[in-house]
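In: next come a sequence and a model predicted from it.
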Amino acid sequence: MADSNNQTELSALRHSLAHIMANATQHLWPRAKFGVGPVVEHGFYYDVDIPGVSLSNEDFERIEAEMKKIIATDEPFERFTMPIAEAIKWATDNDQPYKAELLNDLQRAGTTVAKDLDAGELGLPAGDGSKVSEVSFYRNGDFTDLCRGPHVESTGKVGAFKLMRVSGAYWRGNEKNAQMQRIYGVAFSTPKELRQHLDMLEEAKKRDHRKLGQELDLFLFSDLVGSGLPLFTPRGTVLREELGKFTQELRHKTGFQRVWTPVIAKTDLYKASGHWDKFGDELFLVKSQETSDEFVLRPMNCPHHVQIYASQPRSYRDLPLKFMENAGDYRDEKTGELHGLSRVRSFTQDDSHAFVAENQIKEVATALVHASQEMYEVFDMELKFRLSFRDSGPGYLGDPKLWDKAQAQIEELAKENNLDYYIEEGEAAFYGPKIDFMATDAIGRQWQVATVQLDFVQPERFGLEYTDESGGKQQPVMIHCALLGSLERFLSVYIEHVGGRFPVWLAPEQVRIITVNQEEKTLDFARKLSERADKLGLRVSVDNDNESVGKKIRSSEVWKVPYTIVIGDKEIESNEVTPRIRGDMVVNQDAKTYTTDEFLQTVANESKMRVTKTSF
RNA sequence: GCCGAAGUAGCUCAGUGGUAGAGCAUCGCCAUGGUAAGGCGGGGGUCACGAGUUCAAUCCUCGUCUUCGGCUCCA
């Protein structure tokens, strides 16, 4: 497999660069103490602790220059082994306390314990519980490091790299530990690949939804409202509402009914659901000034929907019973974790809950998978499906037999529908298995966008039941599903996916009418055209500014308006227009002329069809 | 929450221990314009907020808030 060979080579190269970077760092700051230096996606990092020194971006040049010197020597990487006791002595003698700590753990437990740090990446033998007697080292030139390898042959064979940033990172990922400085770099086999990667990052920067959100006047944050609490402008609200309608239409087709529930609930609801214990510190608390009741701003909607299910006796004839709600939720996320629209404290889930009998799981989940496929086809994003199952570990609630049955149904549906799927054991929620939807965006990044989750636990905690055919009581299974996930998070992904160039059905402004001059008859014609468009449900504006046509065209382009039409004497006489079509939508390059009726009707149809290309 | 950096006009940014400037945007006037920037002029700032040092603070110091890059977390 050429691919996996490349992968091995690439990670040897990146790992070797981590050593070279540590080596260079040691040359520049002899007192540097080293943590771990693993390979990561696109590159590598090394965690260092340099007493009294705070690295800045300017230091990169020095480190890079030093690395280049080491690369130029083309010293071989030599592997050798040492008994573990000796290795500990080596670490202590060389004033490398972090390495010593790793080695001590290794000696004691046969593993470096820290679950979140993969032993292999640390360059240590994988911990399998057995005692480790010997560890391997790699040496290049004057630098020696505890390491499992493999490495490239010599320091000259490390491809193309660039140091990217320095940031804080806790020793062994634990915030109670010392904070180290993480120097992060990217590396590829060839300069060309490095270039491509850097270009991708450039492109990602241009598409940053926070930047586009401001430029296209979609949403904003206010210091007075608070951090992580986005406000949506008229333009941004169009996106929210169109997406909200779309996701509900898709589920309406499979029998979901809209419900409405309040955004606050008594703490008792969340104590009953179990969320209070598990996520209490992320709940916003609300107090009544009149009664002693304590409330929380809801962080999720399932317990609310459960109450509707539980409000009356249910029969097997009622199942599956399906509720949906585009619901506002609030979570008190830590301030440092907030990020644009992708991590906020107030968000909207296109949430739905189906209450089903055991043998209906497959049918209901299949319908939801089909809905997701229809949705992401419209978004022009490829979907992969991750079946997240339980592993043999503890901590899963619910009847194991039910788990088995449910997982079997899920896998069956994946096969029957030819889904591009993979199974990941250990990724299930504690309350049930799930299907996670992974979407790939226009520049190749993968995002988890939505999930279908089975839940065996809440029906039990809330004592949900239905009467079966023989009059007995049964417990339903709950299926949670959000197709967009969080509307805000989806928007952050989607804005970047399309780079702010929304298809007609979503575009906040679909048609802009530009006047050539400011004569009354020109403005009059433009206004009448605009009124007709409005009657067809189109979002249209007239630009009658006292500016040159060229400047007004430019403005329409900058705002990424799908259709721009210019109105002058020619159009008024012929009642025809020549739409200027936004570049990404064009199939046929030739500008053509249409009667105003044809034009308006075609745009109105496209808008309803949710297409991405123009039909002109 | 933690480490680091930053906050000057609506936006992007320059600048100074003696209360500020550019480009774009906005507004007005002129040009009657034809598919990515026509010309001229005007308005607009508690220099994030609060305290301190100083004759004097946007600038120096401290605190707060917010943002950014990461860490950690994400039902």
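Out: Everything's here; your move.
In: so how many other residues sit close to A:Phe188?
Out: 21 (other C-beta atoms under 10 Å). Backbone N, C-alpha and C define where each C-beta goes, glycine included.
In: does it touch A:Leu194 like I think?
Out: Yes. The criterion here is C-beta atoms under 8 Å, and A:Phe188 meets it with A:Leu194 at 4.5 Å.
In: check contacts around A:Lys99.
Out: Shown in contact with A:Lys99 (C-beta atoms under 8 Å, 6 or more residues apart in numbering): A:Phe34, A:Ala91, A:Leu146.
In: beta partners of the last one?
Out: Using DSSP bridges, the bridge partners assigned to A:Leu146 are A:Phe137.
In: which one among the contacts of A:Lys99 gets closest to RNA strand B?
Out: A:Phe34 (16.5 Å; C-beta to the nearest atom of the strand).
In: torsion angles phi and psi at that closest one?
Out: Per-residue torsions, A:Phe34: phi -110, psi 140 (degrees, to the nearest 10).
In: rewinding a little: need the overlap of contacts for A:Phe188 and A:Leu194.
Out: Both A:Phe188 and A:Leu194 are in contact with A:Gly159, A:Ala160, A:Phe161, where contact means C-beta under 8 Å, 6+ apart.
In: in JSON lines, list the residues you listed along with pLDDT.
Out: Converted to JSON lines, the shared contacts of A:Phe188 and A:Leu194 look like this (pLDDT from 0 to 100):
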{"residue": "A:Gly159", "pLDDT": "88"}
{"residue": "A:Ala160", "pLDDT": "90"}
{"residue": "A:Phe161", "pLDDT": "90"}
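In: most surrounded residue in the residues you listed?
Out: Comparing those by number of neighbours (other C-beta under 10 Å), A:Phe161 comes first, having 23 neighbours.
In: for that one, which non-adjacent residue is closest in space?
Out: Distances taken as C-beta to C-beta, 6 or more residues apart in numbering place A:Ala187 nearest to A:Phe161, at 3.9 Å, with adjacent residues excluded.
In: helix/strand/coil for the one you found?
Out: Assigned by DSSP: H, G, I helix; E, B strand; the rest coil, the conformation of A:Ala187 is strand.
In: mind listing what it touches?
Out: So A:Ala187 contacts A:10, A:13-14, A:17, A:42-44, A:158-162, A:194 (C-beta under 8 Å, 6+ apart).
In: how far out from the middle of the chain is stretch A:139-151?
Out: Remark: stretch A:139-151 is offset 36 Å from the chain centroid, using C-alpha atoms, centre = their mean, to the nearest Å.
In: center of chain A, which residue is that?
Out: For chain A, A:Trp447 is the residue whose C-alpha lies nearest the centre (C-alpha atoms, centre = their mean; 4.0 Å).
In: so which strand or helix has that residue?
Out: Assigned by DSSP states H and E, A:Trp447 belongs to strand A:446-455.
In: buried ones in that strand?
Out: Neighbour-count burial for strand A:446-455 flags A:Trp447, A:Val449, A:Ala450, A:Thr451, A:Val452, A:Gln453, A:Leu454, A:Asp455 (criterion: 16 or more other C-beta atoms under 10 Å).
In: would you map the strands across the stretch 451-600 of chain A?
Out: Ranges of strands in the stretch 451-600 of chain A, per DSSP state E, counting those that start in this stretch, are A:466-467, A:473-474, A:477-486, A:511-515, A:540-543, A:563-567, A:576-577, A:580-581, A:594-595.
In: parallel or antiparallel, list what pairs with the second one.
Out: Note on strand A:473-474: by DSSP bridges, its sheet partners are strand A:466-467 (antiparallel).
In: tell me the confidence at the closest residue to RNA strand B within the stretch 151-300 of chain A?
Out: Proximity to RNA strand B, evaluated over the stretch 151-300 of chain A using C-beta to the nearest atom of the strand, is greatest for A:Ser167 at 2.7 Å. pLDDT, A:Ser167: 75.
In: just the one 3 residues further on next, same as before
Out: You'll see A:Tyr170 listed with a pLDDT of 78.
In: so it makes contact with A:Met180?
Out: Yes. Using C-beta under 8 Å, A:Tyr170 is in contact with A:Met180, at 7.3 Å.
In: who has more neighbours out of the two?
Out: A:Met180 (22 against 15).
In: can you count the residues close to the nearest residue to the more buried one once chain neighbours are set aside?
Out: Leaving aside its sequence neighbours, A:Met180 sits nearest to A:Asp47 (C-beta to C-beta, 6+ apart; 4.3 Å). The number of residues packed near A:Asp47 is 25, by other C-beta under 10 Å.
In: could you do A:Pro83 as well?
Out: A:Pro83 - counted by other C-beta under 10 Å - has 12 other residues nearby.
In: does it touch A:Ser133 like I think?
Out: Yes. Judged on C-beta under 8 Å, A:Pro83 makes contact with A:Ser133 at a distance of 6.4 Å.
In: list the contacts of A:Met381.
Out: A:Ala439, A:Thr440, A:Asp441, A:Val449, A:His497.
In: farthest residue from the center of chain A?
Out: Distance to centre of chain A, C-alpha atoms, centre = their mean, peaks at A:Glu573 (51.7 Å).
In: ranges for the helices of the stretch 201-350 of chain A?
Out: Using DSSP state H, counting those that start in this stretch, the helices of the stretch 201-350 of chain A run over A:209-215, A:234-252, A:267-273, A:275-279, A:302-310.
In: name the element A:His19 belongs to?
Out: Following DSSP H and E, the helix or strand that holds A:His19 is helix A:2-28.
In: which secondary structure elements does that helix contact?
Out: On a contact count with 3 or more C-beta pairs under 8 Å, 6 or more residues apart in numbering; DSSP states H and E, helix A:2-28 meets strand A:39-40, strand A:43-49, helix A:57-73, strand A:134-140, strand A:143-146, strand A:179-188.
In: same question for the first one, mean pLDDT?
Out: Rounded to a whole number, the mean pLDDT of strand A:39-40 is 83.
In: same for that strand, what does it pack against?
Out: In this structure, strand A:39-40 packs against helix A:2-28, with contacts taken as 3+ C-beta pairs under 8 Å, 6+ apart.
In: quick check: pLDDT value at A:Ala126.
Out: 44.
In: no wait, A:Gly500
Out: 96.
In: give me the number of residues near it?
Out: Residues lying near A:Gly500 (other C-beta under 10 Å) number 18.
In: verify the stated contact: it with A:Gln214.
Out: No. Between A:Gly500 and A:Gln214 there is no contact under C-beta under 8 Å: 10.7 Å.
In: what residues does the stretch 201-350 of chain A put near RNA strand B?
Out: A:210, A:214, A:221, A:223, A:226-228, A:275, A:278-279, A:282-283, A:299-300, A:331, A:333-340, A:343 (C-beta under 7 Å from any atom of the strand).
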